[in-house]
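Chemist: from the sequence below, what's the structure:
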Amino acid sequence: MSKSARALVWVGVTAAGVLSVATIAIHRGEEINAMWLVVAAVCSYALGYRFYSKFIAARVLTLDALRATPAERLENGRDFVRTNKWVVFGHHFAAIAGPGPLVGPVLAAQFGYLPGTLWILTGAVFAGCVQDFVILLFSVRRDGKSLTEMAKDEIGRLGGLIAYVAVISIIVILLGVCALIVVNALKASPWGTFTIAMTIPIALLMGVYLRRIRPGKVLESSVLGFLLVLLAIWGGQWASQTPSVGRFFTLTAPTLAILIIIYGFAASALPVWLLLAPRDYLSTFVKLGTIAMLALGIVALRPTLHMPALTRFIDGTGPVFAGNLFPFAFVTIACGAISGFHSLIASGTTPKLISRETETRMVGYGAMACESMVAIMAVVAACVMQPGTYFAINSPAGIVGQAPEAAAASISSWGFPVTASDMHVLAQDVGEQTLYNRTGGAPAFAVGMAQIFSHSIGGKALMAIWYHFALMFEALFILTVLDAGTRVGRFMVQDALGHVWKPLGRTSWYPSILANSALIVAAWGYFLWQGVKDPLGGINSLWPLFGISNQLLATVALCVATTIIIKMGRPKYAPVTLVPLTWLVAVTFSASYYKIFDPNPRIGFLAHARLLASGANAAAPATARLIFNDRLDALVTGILIVLIAAILVESATEWIRVLAGRKQPVLRESPFVATRFAAEEQG
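Modeler: Numbering: from 1, shown residues only. Down below sits the predicted model:
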């Protein structure tokens, strides 16, 4: 294609993107087509990748294809493994794509489709994708060091120590929440449990196939894995309909918790090529394939967005969760726009697999763009439902009432009509007894997704299959975060304990691997077990910390990235990371203040604890546990804010010293070593 033809193509993409975003933003008081969201997203991500990421790669980071990566220099067959770029992309996408892009946008849809859509698009292109890209490249240039080790080396020892305490605390919370969501999604669900369980032996087979049987034959392995995954999905339906088989996969929450803890340990301790990388690559088939099908279904069917652009609940009185549009919409959406958890993967497993520096752009920026597309699909799935149905599914019984008639009356009084009979028919269509009060976002996404798919394939007769497929799809998303996150946590623990006794920090010493894997799994396993045993399900006490913790972690990552860019002698490009950092500080610190001190019991942890303590049932065990959880949430949030504030001060001090010339900037990069595959690169 000639240069002028390429220019015309990009002019067309820009025009389509501008028209789509304008349509989304300007229309008021009338329903619009969901296709506009898909077109706006595709155009935004394409333009961001083609132009903004290329600018960052060339001007800010100066990627060097001839520089040897740690996967080449330090290859040990276990953690450092030079891996095909598409397998790395699949692993990275599967590892970062967890509950956030599915659940967060669905919950934030109570404000309307407009705020979430605009933030997901702008946040991903200018913040989330940028964070993932730069942190991945900086880790690759530092032998795959973790975020906390980079903070210690570049910001200072005090900053590194604070970052370690903050990050390890945050990752334990995040993994505990992810594990609990998986348990809640799979308990008493033989279909989902069977399919998820089968992906493990399939991944082991793919790992052995690529490593021992047919090395480098990625296409063959991909076809084999894809066919086996389809078979596993069909087998899940068969297992759920065959009592003699289904009973083995119909598991209680405690049993699932134990199995997930064992799986997390195995994923951390086994060689990366055997289980983690092929399983994540395998999961990517289902994840990207399903999202592509959903996008095509939306383009083909052009469903209408029934949710208004803005709802009455932007004032903070929302039934799904309380709090004003700013800052709670941004904290709730979290991963679809920017996720601190990604920085752990980008400085954990992925940099140890990258074959060439130039691949960090596709893997870092590109994979996050794909995850953000998942978030747009979640917005569509939530907003194509009738608003009354959406609020009936997502509103807790304490807000709308326990009885179906009472809930329907409450929701209808808000201006979103729904009837008890409507909800009963919908529940029957998807094979559930009831859909009322199914809080958490996942069931609403599954219903929206099932409605879109059933209108294109199978009609109402297949609604139940599509609904349970969507639940399995969500569980698969979350579990891959759990296994990769556990391995990253193990790397962080090894980095820290290596300062105490050097053998414990050696990633190639197997006793160290086993011991540190056990430590990190025990940490998040404790929170998982407490959540499983909690009479209210545990998610009520852990989930409020999820969004804030995730965004605070992104703040740490952007502090490290900004520091390195300034020390590289490129302060004029510091706004690339400094602008999103400033926005995140405003959002997370505001949200944390409200969650701790707001006098509204539906918002403030301490206010809710005071309300419960003053009630007639204050002495009841369940109430006492809720009071303790509220106070613990407030304490943890306060501690995290203090730690992150200290990192900000330490980082800003370092920037001022370097820019004022009072300190000589010293980068802790590994020395340049030319790749042995230069001829391959030039060819």
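Chemist: other SSEs contacting the longest helix along the chain?
Modeler: Looking across the chain with DSSP state H, the single longest helix is helix 621-659. Using 3 or more Cβ pairs under 8 Å, 6 or more residues apart in numbering; DSSP states H and E, the elements in contact with helix 621-659 are helix 157-186, helix 539-567, helix 575-597, helix 605-613. Using the backbone N, CA and C atoms, a C-beta is placed for each residue, glycine as well.
Chemist: pLDDT below threshold where in the stretch 51-200 of the chain?
Modeler: Scanning the stretch 51-200 of the chain for pLDDT under 70 picks out the ranges 185.
Chemist: please redo it, this time with the cut-off set to 90
Modeler: Low-confidence segments of the stretch 51-200 of the chain (pLDDT under 90): 75-81, 83-84, 86-87, 90-104, 107, 146, 148-149, 156-200.
Chemist: gap between residue 311 and residue 390?
Modeler: Separation of residue 311 from residue 390 (Cβ to Cβ, to the nearest Å): 10 Å.
Chemist: report the set of residues contacting both of the two.
Modeler: Taking Cβ atoms under 8 Å, 6 or more residues apart in numbering as the criterion, residue 311 and residue 390 both touch residue 110.
Chemist: which one of those two has more residues nearby?
Modeler: Using other Cβ atoms under 10 Å, the more surrounded residue of residue 311 and residue 390 is residue 390, with 25 against 22.
Chemist: make sure I have this right: the more buried one is in a helix.
Modeler: Yes - with DSSP: H, G, I helix; E, B strand; the rest coil as the criterion, residue 390 is located in a helix.
Chemist: before we move on, the earlier item: which of the helices and strands packed on helix 621-659 has the highest mean neighbour count?
Modeler: Scoring those by mean neighbour count under mean count of other Cβ atoms under 10 Å gives helix 539-567 as the most buried, with a mean of 26.
Chemist: relative to residue 80, how far out is the residue lying closest to residue 578 once chain neighbours are set aside?
Modeler: Counting by Cβ to Cβ, 6 or more residues apart in numbering, residue 562 is the residue found nearest to residue 578 once chain neighbours are left out, at 5.1 Å. Distance from residue 562 to residue 80, counting by Cβ to Cβ: 28 Å.
Chemist: which stretches of the stretch 201-350 of the chain form strands?
Modeler: For the stretch 201-350 of the chain, applying DSSP state E, counting those that start in this stretch gives strands covering 304-305.
Chemist: residue boundaries of the helices in it?
Modeler: For the stretch 201-350 of the chain, applying DSSP state H, counting those that start in this stretch gives helices covering 218-241, 243-249, 253-269, 276-301, 325-333, 340-346.
Chemist: go through those and find the least confident stretch.
Modeler: When the helices of the stretch 201-350 of the chain are ranked by mean pLDDT, helix 276-301 comes last with a mean of 73.
Chemist: can you classify the residue nearest the centre of the chain by secondary structure?
Modeler: With distances taken as Cα atoms, centre = their mean, residue 98 lies nearest the centre of the chain, 3.8 Å away. At residue 98 the chain is in coil, as set by three-state DSSP.
Chemist: do I have it right that it meets residue 340?
Modeler: No - the criterion here is Cβ atoms under 8 Å, and residue 98 misses it with residue 340 at 11.9 Å.
Chemist: in JSON lines, list the helices of the stretch 201-350 of the chain along with distance to residue 396 and mean neighbour count.
Modeler: Formatted as JSON lines, these follow (distance: least, Cβ to Cβ, whole Å; neighbours: other Cβ atoms under 10 Å):
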{"stretch": "helix 218-241", "distance to residue 396": "28", "mean neighbour count": "17"}
{"stretch": "helix 243-249", "distance to residue 396": "30", "mean neighbour count": "13"}
{"stretch": "helix 253-269", "distance to residue 396": "20", "mean neighbour count": "20"}
{"stretch": "helix 276-301", "distance to residue 396": "28", "mean neighbour count": "22"}
{"stretch": "helix 325-333", "distance to residue 396": "15", "mean neighbour count": "24"}
{"stretch": "helix 340-346", "distance to residue 396": "26", "mean neighbour count": "30"}
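Chemist: between those helices, which one is closest to residue 381.
Modeler: helix 276-301 (7.6 Å; Cβ to Cβ).
Chemist: any regions of the stretch 551-683 of the chain where pLDDT drops low?
Modeler: Residues of the stretch 551-683 of the chain that meet the cut-off, pLDDT under 90, sit at 602-603, 608, 612, 615-633, 636, 666, 676-683.
Chemist: at 80 what do you get?
Modeler: Along the stretch 551-683 of the chain, segments meeting pLDDT under 80 span 616, 622, 625, 677-683.
Chemist: all helices for the stretch 51-200 of the chain, in order.
Modeler: Under DSSP H, counting those that start in this stretch, the stretch 51-200 of the chain gives helices at 53-55, 70-73, 85-96, 100-108, 113-123, 129-140, 147-154, 157-186, 190-208.
Chemist: so which of those comes closest to residue 649?
Modeler: Nearest to residue 649, of all the helices of the stretch 51-200 of the chain, is helix 157-186, at 9.0 Å by Cβ to Cβ.
Chemist: related to what we said a few turns ago, ok, which of the helices and strands packed on helix 621-659 comes nearest residue 305?
Modeler: In terms of Cβ to Cβ, the element of the helices and strands packed on helix 621-659 nearest to residue 305 is helix 539-567, at 24.1 Å.
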